[in-house]
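Participant: Based on what follows, work out the 3D shape:
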Amino acid sequence: MLDVRRLHLLRELDRRGTIAAVAEALTFTASAVSQQLGVLEREAGVPLLERSGRRVVLTPAGRTLVTHADAVLERLELAVSELAGARQGIGGPLRIGTFPSGGPAIVPAALAELALRHPALEPMVQEIDSARVSDGLRAGELDVALVHDYDFVPASPDTTVDQVPLLEEPMYLATGGAPAACPAARGDTLAQLLGPWAACPWITARDGTTGHAMAVRACQAAGFQPRIRHQVNDFRTVLALAAIGQGAGFVPEMATAHAPEGVVLTRLPLFRRSKVAFRAGGGTHPAIAAFVAAARTAVGATGGAFSCSDANDRRGGVRGPRAGWM
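Facilitator: Coordinates of the predicted model:
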């Protein structure tokens, strides 16, 4: 009989790549992980791992077993959800991950809604980059999380995580005005809107984040490689730096509600999509379903709070059409 806890270790090795990474994520020692994987091989009766230099990789049989492990662990998550639904009331801890701009814009309103409807629930929030959410969910560090993806950086397929849509919002170019010796942008294509800024410094998120990849790929799609001067993940800092002429940057509509004086926002044909993510099979868990409902209520309650009026307003301030809510 295959042990489900060892199947979980094998799946984590497939996702994380090294025994050391698995051990760190699941708070085991590397030797304990190796020992348990060795026991799993004996249970399976076939080699599941093989050495490749200093790394351990899965054999074809090991990869096949990971596919079955995904299905087994999803069914277990579904079983936990159904058992939780049989209990009276919703309570206990709920570990929530959020990307930085989702913190002030969505999370407080969602938690207020949860407190009103489910006072026995104990939400615990931690900020996390969307790229790390899948690992956090599988490791049990998170129960549910706000995540996002961008045009040019679609989310990677992940059979261990389910997602439901929350909202879609346009991206804006944040600048301090027209670049020196360049006319104001004309037209509505990415190349026309970003082209005048090709030779100017840029402000992006830190390397390795989806925001950084989106910025670089959007500029490349417009026909140039951005010259990156600043790397910051906080959109408020991006807006502040852009307002004083330190470069051009990308911000989602959600971040423009409190744009500083002097920043110019130009709507782009580029979108960010926010979603709620949870372990595959966990969507029917009462606490997770309650958070999804609360997050959607929070988004709906903002009304036009994230809205902007003229699609190419260069006067500074926050203007432009309303985002499309999902």
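
Participant: Identify the residues contacting Leu268.
Facilitator: 170-173, 190, 193-194, 218, 250 (C-beta atoms under 8 Å, 6 or more residues apart in numbering). Every residue, glycine included, has its C-beta placed from N, CA and C.

Participant: Hmm, I typed the wrong one, I wanted Val164.
Facilitator: Counting by C-beta under 8 Å, 6+ apart, Val164 makes contact with 275-276, 283, 292.

Participant: ok, and the most crowded of the contacts of Leu268?
Facilitator: Within the contacts of Leu268, most neighbours by other C-beta atoms under 10 Å means Tyr172, with 28 neighbours.

Participant: Quick check: the gap between it and Val264.
Facilitator: For Tyr172, the distance to Val264 (C-beta to C-beta, to the nearest Å) stands at 9 Å.

Participant: same question, Glu24
Facilitator: For Glu24, the distance to Val264 - C-beta to C-beta - is 44 Å.

Participant: Pick out whichever of these two has more residues nearby.
Facilitator: Neighbours were counted for Glu24 and for Val264 using other C-beta under 10 Å; Val264 has more, 21 against 15.

Participant: partner residues bridging the more buried one?
Facilitator: Thr175 (DSSP bridges).

Participant: So what's the residue count around Trp300?
Facilitator: Wrong residue type there; residue 300 is Gly, not Trp. Gly300: 11 neighbours (other C-beta under 10 Å).

Participant: Which elements pack onto the helix or strand harbouring it?
Facilitator: Assigned by DSSP states H and E, Gly300 falls within helix 286-301. For helix 286-301, the elements it packs on are helix 60-86, strand 92-98, helix 107-117, strand 121-127, strand 144-150, strand 161-175, strand 264-279, judged by 3 or more C-beta pairs under 8 Å, 6 or more residues apart in numbering; DSSP states H and E.

Participant: quick one, which of the ones you listed is nearest to Arg5?
Facilitator: helix 60-86 (10.3 Å; C-beta to C-beta).

Participant: Go through that closest one and flag the buried ones.
Facilitator: 62, 65-66, 69-70, 72-74, 77-78, 81, 84 (16 or more other C-beta atoms under 10 Å).

Participant: repeat for stretch 261-278
Facilitator: For stretch 261-278, by 16+ other C-beta under 10 Å, it's 262-268, 270-278.

Participant: likewise stretch 205-217?
Facilitator: Per 16+ other C-beta under 10 Å, stretch 205-217 contains these buried residues: 205, 209-216.

Participant: so who does Val238 touch?
Facilitator: 174, 203, 232, 249-251, 255.

Participant: repeat that for 6 Å
Facilitator: Residues counted as contacts of Val238 (C-beta atoms under 6 Å, 6 or more residues apart in numbering) are 203, 249, 251.

Participant: neighbours around the closest residue to it other than its chain neighbours, how many?
Facilitator: Excluding the flanking residues, the one nearest Val238 by C-beta to C-beta, 6 or more residues apart in numbering is Gly249, at 4.2 Å. The tally of other residues near Gly249 (other C-beta under 10 Å) stands at 29.

Participant: which SSE is Gly249 in?
Facilitator: Going by DSSP H and E, Gly249 is in strand 248-252.

Participant: what packs against that strand?
Facilitator: strand 161-175, helix 235-243 (3 or more C-beta pairs under 6 Å, 6 or more residues apart in numbering; DSSP states H and E).

Participant: what are the pairing partners of that strand, and which direction each?
Facilitator: In the sheet, strand 248-252 lines up with strand 161-175 (antiparallel), strand 201-204 (parallel) (DSSP bridges).

Participant: can you pull the buried residues of the helix or strand Arg6 falls within?
Facilitator: In the assignment (DSSP H and E), Arg6 maps to helix 4-16. For helix 4-16, a neighbour-count test (16+ other C-beta under 10 Å) marks 6-16 as buried.

Participant: Now these in a markdown table, please, with extra columns for distance to Val46 and pLDDT.
Facilitator: Formatted as a markdown table, the buried residues of helix 4-16 follow (distance: C-beta to C-beta, whole Å; pLDDT from 0 to 100):
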| residue | distance to Val46 | pLDDT |
| --- | --- | --- |
| Arg6 | 14 | 92 |
| Leu7 | 14 | 91 |
| His8 | 19 | 91 |
| Leu9 | 17 | 92 |
| Leu10 | 13 | 91 |
| Arg11 | 17 | 90 |
| Glu12 | 20 | 87 |
| Leu13 | 16 | 91 |
| Asp14 | 16 | 89 |
| Arg15 | 21 | 86 |
| Arg16 | 22 | 86 |
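
Participant: And the residue nearest the centre of the chain?
Facilitator: Ser130 (2.3 Å; C-alpha atoms, centre = their mean).

Participant: Can you read off the pLDDT for the residue nearest to Glu82 when sequence neighbours are not counted?
Facilitator: Of all residues not flanking Glu82 in the chain, Thr284 sits nearest, at 6.9 Å (C-beta to C-beta, 6+ apart). Looking at Thr284, its pLDDT is 92.

Participant: So Thr284 lies in a helix, does it not?
Facilitator: No - per DSSP: H, G, I helix; E, B strand; the rest coil, Thr284 lies outside any helix segment and is coil.
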